[in-house]
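>>> Just to be clear, the model below is a prediction. Sequence and coordinates:
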Amino acid sequence: MTYDLPLRRGPVIDQGLDGRFDVAVADGRIAAVAPNIPAPAERHAINVTMDSSLARHARLATR
C-alpha cells in the first residue's frame, strides 16, 4: 500500500498500544500502525519523536 504521510516513532496510546510506533496516513485516514513501516521511496518519513514531558503537556492541554 502507498501512504501519503509516514510518521516515525510517535507516541501512540490506543487499543492496547502504549509506546512509540510508526503511523501511516493514506487518503486522510490512519492506514497502519506498526513498529516499523517502510516509507515509499518517493516520500520522506517525518520523525515525530518528542520528549515525554512535552507529550504529556500536549495531551493535558487538549482536554
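Happy to help now that I have it.

>>> C-alpha only now, for contacts and for neighbours.
Will do.

>>> gap between the most centrally placed residue in the chain and Thr2?
Geometric centre of the chain, nearest residue: Val23, 3.6 Å, by Cα atoms, centre = their mean. Look at Val23 and Thr2: by Cα to Cα, to the nearest Å, they are 13 Å apart.

>>> Where does pLDDT dip in this protein?
Within the chain, the stretches with pLDDT under 70 are 42-43, 50-63.

>>> residue boundaries of the helices in it?
Taking DSSP state H to define them, one finds helices in the chain at 52-61.

>>> Strands along that one, start to end?
Using DSSP state E, the strands of the chain run over 5-14, 17-26, 29-34, 46-47.

>>> Dump the ones you listed to JSON lines, plus distance to Pro40.
JSON lines is the format used below for the strands of the chain (distance: least, Cα to Cα, whole Å):
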{"stretch": "strand 5-14", "distance to Pro40": "8"}
{"stretch": "strand 17-26", "distance to Pro40": "11"}
{"stretch": "strand 29-34", "distance to Pro40": "14"}
{"stretch": "strand 46-47", "distance to Pro40": "12"}
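
>>> which residues touch the residue nearest to the residue nearest to the centre of the chain when sequence neighbours are not counted?
The shortest distance from Val23 to any non-neighbouring residue, by Cα to Cα, 6 or more residues apart in numbering, is to Val33 (4.6 Å). By Cα atoms under 8 Å, 6 or more residues apart in numbering, the contact set of Val33 is Phe21, Asp22, Val23, Ala24.

>>> In TSV, list these along with distance to Val48.
Output for these, formatted as TSV (distance: Cα to Cα, whole Å):
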residue	distance to Val48
Phe21	10
Asp22	9
Val23	10
Ala24	12
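
>>> Buried ones only from those residues, please, as a ChimeraX command.
Selection of buried members from the contacts of Val33 for ChimeraX, criterion 16 or more other Cα atoms under 10 Å:
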select :21,22,23,24
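
>>> Asn47: which of the contacts of Val33 is nearest?
Among the contacts of Val33, Asp22 lies closest to Asn47 (Cα to Cα), at 9.0 Å.
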